[in-house]
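1. Give me coordinates for this.
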Amino acid sequence: MRINKVGLQKNIKVIIPAFNEENAVGRVVNELPKEWISEVIVVNNNSTDATSEKAASAGATVLEEPIQGYGRACLKGIEYIKGLAEKPDIIVFIDADYSDFPAELPLLIAPILEQNMDLVIGSRELGNRENGSMTVPQIFGNWLATTLIRMIYGVQYTDLGPFRAIKYNSLIAIDMQDKTYGWTVEMQVKAAKRKMKTTEVAVNYKKRIGHSKISGTIKGTFLAGYKIIATIFKYA
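-> Numbers count the residues shown, from 1 in each chain. This next block holds a predicted model:
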């Protein structure tokens, strides 16, 4: 439990899925504003490097998920939280590659605390994005996906950004299932379908540390794009 800067007692936990991010994960954990959060949970997703050790030395709770999959790692973190005696009020998700700015976490929390939002997406489209931090297929894929969501579900998003905050009860209610690339869009379309209160805040974005396992390869980009589009239509 933390008394945050708007004077409210809230239990806020952070989940970080991580695959071979030994050079970045410690920086992400260290730069999260600790006065806002009660626990940082890093889910080591079958890394072959020192990701677990770096995360633990930075003070994170480290869980092991040996089966590959971004969504699977996030689900592992949720499973752990479900088993805690005291459940959190808010869950924040952030990637382990240091492309987001961890210190911006309060920006994502604010609409939940002040406007009773269910889900807040950190939008890279609305913020300042370093040149080269997103590939052309990523930018186009975001535009296509958010356009389809608007057309099918009637909700306007500008991004599928991984840096996001959601009320714990809302997260449980939408019953996340995706184990791979469709994780972020599943959360957004399910929230839209349930008429949850959602919003976006501008976040800044920079080049990640290391090489992307998804957008850094043609195969990864194709598979991610296919899964995102399929997920949008799956819940329509």
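2. Okay, Asn131 and Tyr205: tell me how far apart.
-> As judged by CB to CB, to the nearest Å, Asn131 and Tyr205 stand 11 Å apart. Yep, even glycine has a C-beta here, placed from its N, CA and C like the rest.
3. okay, those two: which has more neighbours?
-> More crowded of Asn131 and Tyr205, by other CB atoms under 10 Å: Tyr205, with 21 against 7.
4. how close does that one get to Glu186?
-> According to CB to CB, Tyr205 stands 22 Å off from Glu186.
5. Could you do Ser99 as well?
-> Computed as CB to CB, the Ser99 to Glu186 distance reads 21 Å.
6. between the two, who's got more neighbours?
-> A count of neighbours by other CB under 10 Å puts Ser99 above the other of Ser99 and Glu186, at 25 against 22.
7. Which helix or strand lies directly C-terminal to the lowest-mean-pLDDT helix or strand in the chain?
-> In the chain, no helix or strand scores lower on mean pLDDT, DSSP states H and E than strand 2-3, which sits at a mean of 49. Following strand 2-3 in sequence order, the next helix or strand is strand 9-10 (DSSP states H and E).
8. who are the neighbours of that next one, in terms of helices and strands?
-> Strand 9-10 sits against strand 2-3, with contacts defined as 3 or more CB pairs under 8 Å, 6 or more residues apart in numbering; DSSP states H and E.
9. Show me where this protein has its helices.
-> Remark: helices assigned in the chain by DSSP state H are 25-31, 51-57, 70-82, 105-115, 136-153, 168-174, 183-193, 218-234.
10. right, so of those helices, which gets closest to Glu64?
-> For Glu64, the closest of those is helix 51-57, at 7.2 Å, according to CB to CB.
11. Show the average pLDDT along the closest one.
-> Mean pLDDT, helix 51-57: 98.
12. Just the buried positions in it, please.
-> Residues of helix 51-57 classed as buried by neighbour count (16 or more other CB atoms under 10 Å): 51-52, 54-56.
13. how far out from the middle of the chain is it?
-> When C-alpha coordinates are averaged (CA atoms, centre = their mean, to the nearest Å), helix 51-57 and its chain have centres 19 Å apart.
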